[in-house]
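*Asks:* Provided below for reference: sequence and predicted model.
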Amino acid sequence: QVQLVESGGGLVQAGDSLRLSCAASGRTFRSATMGWFRQAPGKEREFVAAITWSGGTTYYADSVKGRFTISRDNAKNMVYLQMNSLKPEDTAVYYCAVRSITMIGPYYSFKAYDYWGQGTQVTVSS
């Protein structure tokens, strides 16, 4: 079993930065790909970024590439999402997710992740 708790969301202005954190518990964390997704009101949950278990490979949605950076610290069971140059369209609830090694499907599909946090709200004003 894996439990995820996100933190670090808030209300910021366009151009500001935020760093989201995800604290994970459970022994499957260190062998799992981790992802960040977001969901705005009335929209489907969308992929933001993912990182492999070793941290050696990262993936980003085109909309955040160059502005967001995903990282992980396996020793601390933490995953981070550094968000720079925030835009109003980044406003959403951000979710941390675990993709266990038994899961199949592309890394950018929310269906390929089996554990989710409760989410943290990010609001970017113009």
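*Replies:* Noted; the coordinates are in hand.

*Asks:* residues contacting the residue positioned nearest the centre of the chain?
*Replies:* Centroid-nearest residue in the chain, with Cα atoms, centre = their mean: W36, separated by 1.8 Å. If you count contacts by Cβ atoms under 8 Å, 6 or more residues apart in numbering, W36 has them with 20, 22, 48-50, 70, 79, 81, 94-97. Every C-beta, even on glycine, is put in place using the N, C-alpha and C of the backbone.

*Asks:* again, only this time at 7 Å
*Replies:* If you count contacts by Cβ atoms under 7 Å, 6 or more residues apart in numbering, W36 has them with 48-49, 70, 81, 94, 96.

*Asks:* Widest-spaced pair of the residues you listed?
*Replies:* I70 and Y94 (11.5 Å; Cβ to Cβ).

*Asks:* got the contacts of W36 as JSON lines, with neighbour count and secondary structure columns?
*Replies:* What follows is the contacts of W36, written out as JSON lines (neighbours: other Cβ atoms under 10 Å; DSSP: H, G, I helix; E, B strand; the rest coil):
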{"residue": "V48", "neighbour count": "24", "secondary structure": "strand"}
{"residue": "A49", "neighbour count": "25", "secondary structure": "strand"}
{"residue": "I70", "neighbour count": "22", "secondary structure": "strand"}
{"residue": "L81", "neighbour count": "27", "secondary structure": "strand"}
{"residue": "Y94", "neighbour count": "23", "secondary structure": "strand"}
{"residue": "C96", "neighbour count": "28", "secondary structure": "strand"}
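
*Asks:* Name the nearest of those residues relative to K87.
*Replies:* Nearest to K87 among the contacts of W36, with distances taken as Cβ to Cβ, is V48, at 13.2 Å.

*Asks:* ok, that closest one to T102 distance?
*Replies:* Distance, V48 to T102, by Cβ to Cβ, to the nearest Å: 23 Å.

*Asks:* Also T33?
*Replies:* 12 Å.
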